[in-house]
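Student: pasting the sequence and the predicted coordinates here, then a few questions.
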Amino acid sequence: MKNFLEYYYNFVNITVHEKNGFYYFNNNNKRYVFVSTIRNMNEINAIYNLRENLPKYHKIIPNRNNSPVTLFNDRPFVLLELNSNSVIGKLSYRDFNKRSIILNREYSPLLRNDWIGLIEKKIDYIEYQRKHLNNRYKILDSSIDYYLGMAENSISYINNYILTVRKTDLDSLVISHRRITENSHLSFYNPLNIIIDHPSRDISGYLKELFISNAYDRNTIIETLNYINLSNYGYGLLYGRMLYPSFYFDMYEKIINEKEREDNILKIIKRQKEYENYLNIIHKIISKKTKIPSIDWI
């Protein structure tokens, strides 16, 4: 790896350290990490073209061929120069982007605001998988119908709500994230995590992560919802997205791909009722700002 990086990025005499599949090294008082990615070339090029809008994010460094992507063992990798101010510390709701972005054609590969279509595809994909797994995963088999039902509730809620409320200027698209994980600046300011979506996406992801990490309380939820200042339309989208149990499906994928043990999902399943109560708290707080539909079973 040392010789590979020195050749493709014109470094000299670097020392590379590998950790969890990430390759770290220093050069001229700067910290770098070489990471694999599942993003396709169109998405990575779009992210690279967004770089002037990403002053806090880690910087994508092109290789000697002026490409943001380098193949290593036939896998796409990207070199990031770490922003030292965006590596350490827990994520706060104040980190979220409120500034709208003008969506042009070169950024379109990053657009992810068709929530209903994406959730429907996820449900169909999982139902297809189940037919071919032949009851291999007992815990998943016994729990997944509940979470598929939640996903269907999310679709219905969003679909019904957006037909009744108009968008405003507060509903402009912003730079968002595929996932909010571990309340980490390192993950949050990784440009490979970037998408373009409605501002409620990141807030819902943040609220879910607060729950999963058991770091929530009523005051934090109130402060977060007061800070973001969504439209009525946006608050409905936020709650609809909270109904979608992305944390369960993320763990499901890791189990199916043998990156997690199946029994690790029990820590999510055992908190079903707690998450319903969490949704109820969020609904009550939002309802003091604007009227949104309730869910009978919560």
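Tutor: Perfect, I can see it now.

Student: which ones are touching residue 16?
Tutor: Applying Cβ atoms under 8 Å, 6 or more residues apart in numbering to residue 16 gives the contacts 1-2, 5, 23-25, 34. Bear in mind the C-beta positions are built from the backbone N, C-alpha and C, glycine included.

Student: now list the buried members of those.
Tutor: Using 16 or more other Cβ atoms under 10 Å as the burial test, the contacts of residue 16 include 5, 23, 25, 34 as buried.

Student: just name the closest of the residues you listed to residue 136, please.
Tutor: The closest of the buried ones among the contacts of residue 16 to residue 136 turns out to be residue 23 (Cβ to Cβ; 34.1 Å).

Student: that closest one and residue 33 touch, don't they?
Tutor: Yes - if you go by Cβ atoms under 8 Å, residue 23 and residue 33 touch, sitting 6.7 Å apart.

Student: strands of the stretch 51-200 of the chain, start to end?
Tutor: Per DSSP state E, counting those that start in this stretch, the stretch 51-200 of the chain carries strands over the ranges 59-61, 70-72, 75-81, 174-177, 194-197.

Student: do you know which of these lies nearest residue 115?
Tutor: Among the strands of the stretch 51-200 of the chain, the nearest to residue 115 by Cβ to Cβ is strand 194-197 (8.4 Å).

Student: contact partners of the following helix or strand past that closest one?
Tutor: As assigned by DSSP states H and E, the chain's next helix or strand after strand 194-197 is helix 200-212. Residues outside helix 200-212 that contact it (Cβ under 8 Å, 6+ apart): 91, 93, 96-97, 112, 174, 176-177, 179-183, 195, 216, 220-221, 224-225, 228, 230, 234-235, 237-238, 241-242, 246-247, 268, 271, 274-275, 278, 282.

Student: burial count for the closest residue to residue 94 other than its chain neighbours?
Tutor: Nearest non-adjacent residue to residue 94, counting by Cβ to Cβ, 6 or more residues apart in numbering: residue 227, 6.7 Å away. A count of neighbours around residue 227, defined by other Cβ atoms under 10 Å, yields 13.

Student: ok, now residue 228?
Tutor: Using other Cβ under 10 Å, residue 228 has 20 neighbouring residues.

Student: quick check: closest non-adjacent residue to it.
Tutor: Spatial nearest neighbour of residue 228, chain neighbours left out: residue 203 (5.3 Å); criterion: Cβ to Cβ, 6+ apart.

Student: return the member of the buried ones among the contacts of residue 16 nearest to residue 258.
Tutor: For the buried ones among the contacts of residue 16, the nearest to residue 258 is residue 23 (23.1 Å; Cβ to Cβ).

Student: for that closest one, list each beta-bridge partner.
Tutor: Beta-bridge partners recorded for residue 23 (DSSP bridges): residue 18, residue 34.

Student: helices or strands up against the longest helix along the chain?
Tutor: If you go by DSSP state H, the chain has its longest helix at helix 138-162. When contacts are defined as 3 or more Cβ pairs under 8 Å, 6 or more residues apart in numbering; DSSP states H and E, helix 138-162 packs onto helix 115-133, helix 232-242, helix 246-256, helix 266-269.

Student: what helices and strands are in contact with the longest one?
Tutor: The reference is to helix 115-133. Counting contacts by 3+ Cβ pairs under 8 Å, 6+ apart, helix 115-133 packs against helix 138-162, helix 232-242, helix 246-256.

Student: ok, and what's touching the last one?
Tutor: Spelled out, it's helix 246-256. Residues from elsewhere that reach helix 246-256 (Cβ under 8 Å, 6+ apart): 122, 126, 129, 133, 137, 140, 143-144, 147, 151, 179, 205, 208, 211-212, 260-262, 264-265, 268.

Student: name the residues of it that are buried.
Tutor: Neighbour count says helix 246-256 has 246-249, 251-252, 255-256 buried, by 16+ other Cβ under 10 Å.

Student: averaging pLDDT per element, find the lowest-scoring helix or strand in the chain.
Tutor: Among the helices and strands of the chain, helix 185-188 carries the lowest confidence by mean pLDDT, DSSP states H and E, at a mean of 73.

Student: run a quick neighbour tally on residue 73.
Tutor: Residue 73: 7 neighbours (other Cβ under 10 Å).

Student: typo on my end, it should be residue 111
Tutor: The local packing of residue 111 (other Cβ under 10 Å) involves 13 other residues.

Student: so which of the helices and strands packed on helix 138-162 is nearest residue 294?
Tutor: Closest among the helices and strands packed on helix 138-162, using Cβ to Cβ: helix 232-242, at 9.5 Å.

Student: ok, now how distant is residue 263 from residue 209?
Tutor: Distance from residue 263 to residue 209, counting by Cβ to Cβ, to the nearest Å: 22 Å.

Student: perfect, I'm done here.
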